[in-house]
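[1] what follows is a predicted protein model with its sequence.
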Amino acid sequence: MPSHTGYRIKPSNYYTLSEEERAAKLRGFVRIISSMEGRLDITMASERVSVDGMEYTEKSVYLGSYQDMGSAISEAGFGAVRLDSPYSIDVDVERPLHIESGGILYRAYTLYDMSRSITPAWINGVFDLCGCVIIRMWPVPPSRARRMLVSYANISGARAGRRHAEESDRAGYVRDLIEKEESSLVECAVIPLVSGRTLPDLNRRCGEFERAASWRQVRCASIRGMQGGILNGGGHRFLFEMGSCAVFYPFESANMIESGGGVYVGSNTVNGAPVIYDYTKRVNSNVTLIGESGRGKSTAAKTYVSNFLLAHQERYGSAHRVMLCIIDPHGEYAPLAECLGAEVRDLEGRDRMGLDPFGLFGNSSRAAGVLADAAGMPANLRSVAVAAAEGCGSIPELVERLEGGSGPHRRDRVRAASYLLQFTTGDAARLFRGDVAMPDRVVYTMRKADKTSLNAMIVSMVMARAWRAMRDAPRHVPKLFVIDEGWFVSSMESTGQILEDIARSGRKENVHMLFLSQEPADILDNQYGQAVLNNSATIFLFGLKSDLARKLQGVLRLSDTERREIESLDRGHAILRADDHRIRLQVRPTKSQLERFNTTPDSSSS
C-alpha cells in the first residue's frame, strides 16, 4: 500500500563532517524515526541526471509515511521537498525472480544478517552495491517490546557462550530503558533492489551484487515467488533499539549536481561526476574563495562568472537581464570584459567618473569621513570635518562651510578645508565630475592597486555606486558582484563597511557575491573579512600552507582531515563547503575559456 505523504531529502557528505557535526546529523535522523506513529518508508535511489548531453547518476532519498512528517524533518535540521505523491516502485508484472516496473526489471532481496560491527550510516555501503535500497520501519508498542525483550533475554541467557550472555544483558538493558520511557524498539525490513534493462543484464548485475555483499558480510536472499511480498516488507525483519537506528542514516552522498538552476564549476575528484552549484539553494548568496597565489582561485572565479552568464543565457535567452560588477584591483578581468559583455572603467584614468560621495553614500557624515581618510587628515581635523558636513550635499559646499565658519575652532576648520581642496581643484576632482551611468555589466579596474588612502576612497565609492545600482534594480534581476583581491578591500575601513553591508544584505536584493582572497591572514584578522566569512554559506578552499591552514581550521571549524587535504591540494583543486556538503573538486574551464583566461596579466600565478 503506498504511503500518503512523501518527501525528498537531498543527501550531503556525511563522512567528511567533523565528529560533532556527524553526531548532530545522527541525532536529527533518530528524532525523525522516533516521531513515526505508523510505517515509515525510506527509499535510497540512484537517478539519472542529464548535464550538457552527458548522463550521470545522482543519489536521492525519499521518505514516505501515513502521517505528516514535515515538522519532524524540519526540526531535525534537514531540508525537504514535499512531493505531490510519495515515491514508490509500482509493480506492473511480477515474475518468480523479478518484477517489472516502468520498463525496468528489478530483483528484490531481503537482508537477513549483517556484521556485528556495523557503524552509523552503514546502510550507504549497501546502497553502493546495488543502487537502490528500501528500508521499511514500524514502531513496536512498548508492551509488545517488553515481552519480546524478556523472551529474547531468556533464550540468549539459556545458551552457552560469552556472546549470548552479552546479548541477554543488552536485552535487559534495553528493556529497562523502555520501562523508563527513555527508548523504544523499531522493527525494520531492509530491501536491496538490483535493476537491469534485460534479463541477462539483470542476472549479471545480481551476480555482482551477491558476491560483493557476501564479501562485506551482508547476507541477502531473493526468494522465488515472493518478489512483490519482499518489496512490501514481507521478508526478514530486524529489531533495533531506537538509538541503534543510526546505522540506517541514509543522507550521504559525495555528489553535488544541483541541476535546473545551477552553474557548472568542475568535476568531482572522487567519482568524476560534474559539480553543479546553485547559490539560490543556500541560506545566503555569498561565496568566498580562499587560497594562496598560484592555486587556481582566479581561474575558478573566471570559469564561474563565464558559466553563470552562459547558464542564464541558455535558460532565458540573450535578452535576459543579468547585472555584473567586477572590482578588479590588479587588472586581471579587463581583458575578459568583451566576452562577458561588460564595459571596462579604468579607475586610474580618474576622469569624470561621477563618483560624488555625498550622492553615493546618502549620508553626509560618512561621505566626509571617507574624504578625510583619503586626504590623510589627522583625527582631530577629521572630527571637525565630519561635524561640519551635517546637511551638506557636495564637496565644494563642505569646503565653503569649513572656510567660512567662525568661533574657537576656526583655525582647525580652515586647516581641514585645506586638506579637501585637492578634491575641488586638483586632478582628483575629476573623479567627482559628471554623472556617468553605471552599465549593467562593468569591470572597474586598476592595473596595480596599492593600499593608499586615495585608492581606498576610489574603490569604496565604486563599490557604493555598484551596490546602490543593484539595490535599485528589480529584485528578480540576477546580480553578480565579484570582488577580486579581497584582502585589499577588507583591510580598509571605508571599503570594508560597504563590503559588510553587501555580505549581510545581498540576498535580500538577489545579489550573488564572489569574494576572492589570496591573503587569508588579512581577512581573518579584521572585522570586515570575518564578517564576509561568517556570512558566506559557500566557501571554496584552495591550497594553503600549513600555518594558514591551521589558522583557518580554527575559524571554520575544519576537521583535521580537511586541514590536511587543504595543505596538499594541487593547483586547480579545491574543497567546496556548502551547508553539509564537502565536495572535492577540480576546476575545469573549457579549452576556449582557458585560452581567454590566459590572456590575463597574472594568469600564470593566480
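    Yes, it's here.
[2] hey, let's count contacts and neighbours off CA atoms from now on
    Noted.
[3] let me see the backbone angles for the closest residue to residue 113 other than its chain neighbours.
    Among residues not flanking residue 113 along the chain, residue 219 sits closest, at 4.9 Å (C-alpha to C-alpha, 6 or more residues apart in numbering). Phi and psi for residue 219, reported as degrees, to the nearest 10, are phi -100, psi 120.
[4] so how far is residue 46 from residue 219?
    22 Å (C-alpha to C-alpha, to the nearest Å).
[5] same question, residue 442
    On the measure of C-alpha to C-alpha, residue 442 and residue 46 end up 43 Å apart.
[6] looking at those two, which is more packed in?
    Legend: neighbour count by other C-alpha atoms under 10 Å for residue 442 and residue 46, higher for residue 442 (21 against 18).
[7] what is the mean pLDDT for the helix or strand where the more buried one lies?
    Using DSSP states H and E, residue 442 sits within strand 441-445. For strand 441-445, mean pLDDT rounds to 90.
[8] stretch 532-539 now?
    90.
[9] all the strands of the stretch 101-250 of the chain, residue numbers only.
    104-108, 110-113, 132-140, 185-196, 219-221, 238-241 (DSSP state E, counting those that start in this stretch).
[10] related to what we said a few turns ago, surely the residue nearest to residue 113 meets residue 111?
    Yes: Residue 219 is within contact range of residue 111, at 5.9 Å (criterion: C-alpha atoms under 8 Å).
[11] higher neighbour count, these two?
    residue 111 (20 against 16).
[12] how many neighbouring residues does the closest residue to the more buried one other than its chain neighbours have?
    Leaving out its chain neighbours, the residue that sits closest to residue 111 by C-alpha to C-alpha, 6+ apart is residue 220, at 4.3 Å. Neighbour count for residue 220, taken as other C-alpha under 10 Å: 21.
[13] next up, the contacts around residue 220.
    109, 110, 111, 112, 113, 210, 213 (C-alpha atoms under 8 Å, 6 or more residues apart in numbering).
[14] same question for residue 454.
    Neighbours of residue 454 in contact, by C-alpha under 8 Å, 6+ apart: 374, 375.
[15] secondary structure element for it?
    Here residue 454 is assigned to helix 453-472, by DSSP H and E.
[16] now swap in residue 56 and tell me
    Counting by DSSP H and E, residue 56 is found in strand 54-65.
[17] parallel or antiparallel, which strands does that strand pair with?
    Strand 54-65 sits in its sheet next to strand 5-9 (antiparallel), strand 40-51 (antiparallel), going by DSSP bridges.
[18] winner for burial among those strands?
    strand 5-9 (a mean of 21; mean count of other C-alpha atoms under 10 Å).
[19] quick one: contacts of whichever helix or strand comes after that one?
    The helix or strand immediately downstream of strand 5-9 is helix 19-34, counting by DSSP H and E. With contacts defined as C-alpha under 8 Å, 6+ apart, helix 19-34 is touched by 14-15, 40, 69, 72-73, 75-78, 120, 242-243, 245-246, 249.
[20] so where's the stretch 401-550 of the chain shaky on pLDDT?
    405-407, 426, 434-436, 448-453, 491-492, 494, 522 (pLDDT under 70).
[21] let me see the contact set for the residue lying closest to residue 553 once chain neighbours are set aside.
    Using C-alpha to C-alpha, 6+ apart and skipping the chain neighbours, the partner closest in space to residue 553 is residue 563 (6.4 Å). Residues counted as contacts of residue 563 (C-alpha under 8 Å, 6+ apart) are 549, 550, 553.
[22] with distance to residue 98 added, can I get these in CSV?
    Shown next, in CSV, are the contacts of residue 563 (distance: C-alpha to C-alpha, whole Å):
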residue, distance to residue 98
549, 53
550, 54
553, 51
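[23] redo the residues you listed as a markdown table? Include secondary structure.
    Output for the contacts of residue 563, formatted as a markdown table (DSSP: H, G, I helix; E, B strand; the rest coil):
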| residue | secondary structure |
| --- | --- |
| 549 | helix |
| 550 | helix |
| 553 | helix |
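[24] re earlier: how about a markdown table for the strands of the stretch 101-250 of the chain, with mean pLDDT and distance to residue 582 added?
    What follows is these, written out as a markdown table (pLDDT from 0 to 100; distance: least, C-alpha to C-alpha, whole Å):
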| stretch | mean pLDDT | distance to residue 582 |
| --- | --- | --- |
| strand 104-108 | 96 | 32 |
| strand 110-113 | 93 | 31 |
| strand 132-140 | 94 | 23 |
| strand 185-196 | 94 | 27 |
| strand 219-221 | 93 | 32 |
| strand 238-241 | 88 | 30 |
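[25] would you reformat the ones you listed as a markdown table and include distance to residue 8?
    A markdown table is the format used below for those (distance: least, C-alpha to C-alpha, whole Å):
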| stretch | distance to residue 8 |
| --- | --- |
| strand 104-108 | 22 |
| strand 110-113 | 24 |
| strand 132-140 | 14 |
| strand 185-196 | 19 |
| strand 219-221 | 27 |
| strand 238-241 | 24 |
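[26] which one of those strands lies nearest to residue 369?
    If you check each of these against residue 369 by C-alpha to C-alpha, strand 132-140 wins as the nearest, at 62.7 Å.
[27] what sits up against the closest one?
    36-46, 126-127, 184-194, 233.
[28] from the residues you listed, which would you call buried?
    36, 39-46, 126-127, 184-194, 233 (16 or more other C-alpha atoms under 10 Å).
[29] and residue 515, that one's in a strand?
    Yes: Residue 515: assigned to a strand according to three-state DSSP.
[30] mind checking the SS state of residue 292?
    coil.
[31] quick one: it from residue 548, how far?
    9 Å.
[32] any idea how far residue 524 is from residue 295?
    19 Å.
[33] looking at the two, which one has more neighbours?
    residue 295 (24 against 20).
[34] and the more buried one, what's its pLDDT?
    pLDDT, read off for residue 295, is 90.
[35] surely it meets residue 540?
    No: Residue 295 lies out of contact with residue 540 (C-alpha under 8 Å); the separation is 11.5 Å.
[36] what is in contact with these two at once?
    By C-alpha under 8 Å, 6+ apart, no residue touches both residue 295 and residue 540.
[37] which residue ranges of the stretch 201-350 of the chain form helices?
    227-231, 297-316, 337-340 (DSSP state H, counting those that start in this stretch).
[38] just want the most central residue of this structure.
    The residue lying closest to the centre of the chain (C-alpha atoms, centre = their mean) is residue 578, at 2.1 Å.
[39] what are the phi and psi values for that one?
    Taking degrees, to the nearest 10 as the convention, residue 578 sits at phi -150, psi 120.
[40] tell me the contacts of the closest residue to it other than its chain neighbours?
    Using C-alpha to C-alpha, 6+ apart and skipping the chain neighbours, the partner closest in space to residue 578 is residue 538 (4.5 Å). The contact partners of residue 538, taken as C-alpha under 8 Å, 6+ apart, are 282, 286, 287, 288, 576, 577, 578, 579.
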